[in-house]
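>>> Fold the following and give me the result.
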Amino acid sequence: MAKMAASMVEHGEDAFRKLFKFYKRRNPPPDFSDVIDFSKGLWSDKVVSAKLDAAAVSDVEARRVGLRPVRDWKAFGLQGYPGFIFISNPFLLGSQPFWVRQCLKSYPQKPNVCNLDMHMAPADTEDIWGKSADALRLPPSGKREPKTLLERLRWVTLGYHYNWNTKTYSANHYTPFPSELHALSCHIAAVCGFPGFDAEAGILNYYRSDSSLGIHVDESELDHTRPLLSFSFGQSAIFLLGGTQREDPATAMYMHSGDVMVMSGPSRLLYHAVPRIVPAPRENPCRPALETHTQEESALVGPVSEEDRTVCSRYMESSRVNVTIRQVLGPGQSFPETLPPRNWTDASRTEEYHDGSSDGESGGQKRRKT
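Below is the predicted model:
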């Protein structure tokens, strides 16, 4: 594969797009031997150690949001990608089910916005979890059952809601950002050298086993000096990180459940993509059999009921959720004056996403955010 990528560059072709198609290919399946797996802790001429500020977040603060002490985190960087930090699953044993439940049960609730709002009345999307949980608790029947609303969910926006039409944010389309997700994001950012980070916008992407996310740059935020944070839960994914031009070659890496990526500095505006979802390792920490970590009275991460864990586990057997957090405005910045948009949830003209399904509401839909 390395020779293949080198050949693309020599001939001036779009090396990134060819690599994307290579990993997306189903038949014959691609060779994954060149994909970096940070969970194995293997060092190479490409993988380097990343420096974290362990004093930025106390053990108590970390535990409140379900994170291990910072001194126990394993963080990596990549040669040639300054500002890119990969943290291999810093979550405490048993805390991931809480975050999965939030992504499936709490964050899709109104007043947050989701893709189903394009095709359904507000009353029909008021309780996506409640209208899906009973069906997901049942064991597979072997018959082709209609998809639940939860299985038709493709994206949710939080805080400043991203306008898929204009690829912008605005002051007049904002809902309160979840406090526990804000705390988690700010702690991660502080440890990575960004104290004072303000989590203002979130985009949750819900991937099925045949989903992919095309080549793009996240550049809609008004301040690019603040990092972009990415959290992965559920099934694993192949993530491609390229350069500042679409023609630049890319590096492939696994994103497993619990992994966190931070793109800052020169890496903040690099092209990236997700060509493929792959089965998670057997020790996937989202599985419900794992014990819940000890709760404290001040913890933002609470216990998950057995009923909720069952639904989350069933959903995650074939799905992945990615959460990207951004600070939209820098110090002293404000949004430019704009006319109110006609439709905040119209994703029909966005680009670069395909979920691989034939579902009329979301199949073949495209979008452009990680």
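>>> Enumerate the positions of the helix ranked longest in the chain that are buried.
If you go by DSSP state H, the chain has its longest helix at helix 179-191. For helix 179-191, burial by neighbour count (16 or more other Cβ atoms under 10 Å) applies to 180-191. Every C-beta, even on glycine, is put in place using the N, C-alpha and C of the backbone.
>>> cool, stretch 115-125 as well?
115-118, 120, 125.
>>> ranges for the strands of the stretch 251-370 of the chain?
Here the stretch 251-370 of the chain has its strands, by DSSP state E, counting those that start in this stretch, at 251-255, 260-263, 272-278, 319-326, 353-354.
>>> before we move on, what about the stretch 51-200 of the chain?
Going by DSSP E, counting those that start in this stretch, the stretch 51-200 of the chain shows strands at 75-78, 84-87, 113-114, 155-159.
>>> Among these, which comes closest to residue 171?
Closest approach to residue 171 among those (Cβ to Cβ): strand 155-159, 11.7 Å.
>>> Now do that closest one against helix 179-191, angle only.
80 degrees (axes from the mean of the first three to the mean of the last three Cα atoms, to 10 degrees).
>>> Quickly run through the sheet partners of strand 155-159, with directions.
strand 113-114 (antiparallel), strand 201-208 (antiparallel) (DSSP bridges).
>>> and the residue nearest to the spatial centre of the chain, what is it in contact with?
In the chain, the residue lying closest to the centroid (Cα atoms, centre = their mean) is residue 322, at 2.1 Å. Residues near residue 322 by Cβ atoms under 8 Å, 6 or more residues apart in numbering: 204-205, 207, 230-233, 237, 255, 274, 370.
>>> who's it bridged to?
Assigned bridge partners for residue 322, using DSSP bridges, are residue 205, residue 232.
>>> I'd like the strands of the stretch 251-370 of the chain laid out as TSV, including mean pLDDT.
TSV is the format used below for the strands of the stretch 251-370 of the chain (pLDDT from 0 to 100):
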stretch	mean pLDDT
strand 251-255	96
strand 260-263	96
strand 272-278	94
strand 319-326	96
strand 353-354	46
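>>> Minimum distance to residue 162: which of the ones you listed has it?
Once the strands of the stretch 251-370 of the chain are compared by Cβ to Cβ, strand 319-326 is nearest, at 9.1 Å.
>>> re earlier: now neighbour count and distance to residue 138 too, for the contacts of residue 322, in a markdown table please.
A markdown table is the format used below for those (neighbours: other Cβ atoms under 10 Å; distance: Cβ to Cβ, whole Å):
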| residue | neighbour count | distance to residue 138 |
| --- | --- | --- |
| 204 | 26 | 25 |
| 205 | 22 | 26 |
| 207 | 24 | 23 |
| 230 | 22 | 33 |
| 231 | 26 | 29 |
| 232 | 24 | 27 |
| 233 | 29 | 23 |
| 237 | 25 | 28 |
| 255 | 26 | 30 |
| 274 | 25 | 30 |
| 370 | 21 | 33 |
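>>> wait, which of the residues you listed is closest to residue 262?
residue 230 (7.7 Å).
>>> Correct me if wrong: that closest one contacts residue 326.
No - between residue 230 and residue 326 there is no contact, the gap being 10.0 Å when judged by Cβ atoms under 8 Å.
>>> What residues are bridge-paired with the closest residue to residue 272 other than its chain neighbours?
Using Cβ to Cβ, 6 or more residues apart in numbering and skipping the chain neighbours, the partner closest in space to residue 272 is residue 241 (5.1 Å). As for beta bridges, residue 241 partners with residue 251, residue 272 under DSSP bridges.
>>> burial count for the residue lying closest to residue 24 once chain neighbours are set aside?
Setting aside the residues directly before and after it, residue 24 is nearest to residue 275 in space (Cβ to Cβ, 6+ apart), at 4.2 Å. Residue 275 is flanked by 23 other residues according to other Cβ atoms under 10 Å.
>>> need the contact list for residue 275.
19-24, 212-213, 238, 240.
>>> picking up where we left off before, give me the contact list for the longest helix of the chain.
Residues contacting helix 179-191 (Cβ under 8 Å, 6+ apart): 52-54, 56-57, 61-62, 64-67, 70, 73, 87, 90, 99, 102, 107, 158, 195, 197-199, 202, 226-227, 229, 231, 260, 262, 300-301, 323, 325.
>>> Quick check: mean pLDDT of it?
What helix 179-191 shows for mean pLDDT is 97.
>>> That one versus strand 319-326: what angle between them?
Computed with the same axes, to 10 degrees, the direction of helix 179-191 lies at 70 degrees from that of strand 319-326.
>>> Might you quantify the distance of helix 179-191 from its chain's geometric centre?
Centroid separation between helix 179-191 and its chain, computed with Cα atoms, centre = their mean, to the nearest Å, is 15 Å.
>>> With stretch 272-285 instead?
In terms of Cα atoms, centre = their mean, the centre of stretch 272-285 is found 12 Å from the chain centre.
>>> next one: stretch 33-50
Centre to centre, stretch against its chain (Cα atoms, centre = their mean), the figure for stretch 33-50 is 21 Å.
>>> how close does residue 302 get to residue 106?
Distance from residue 302 to residue 106, counting by Cβ to Cβ, to the nearest Å: 11 Å.
>>> Give the residues shared as contacts by the two.
Common contacts of residue 302 and residue 106 (Cβ under 8 Å, 6+ apart): none found.
>>> what's the pLDDT at the spatially closest residue to residue 260 that is not a sequence neighbour?
Spatially, and ignoring its direct neighbours in sequence, residue 260 is nearest to residue 87 (4.2 Å; Cβ to Cβ, 6+ apart). On pLDDT, residue 87 comes in at 97.
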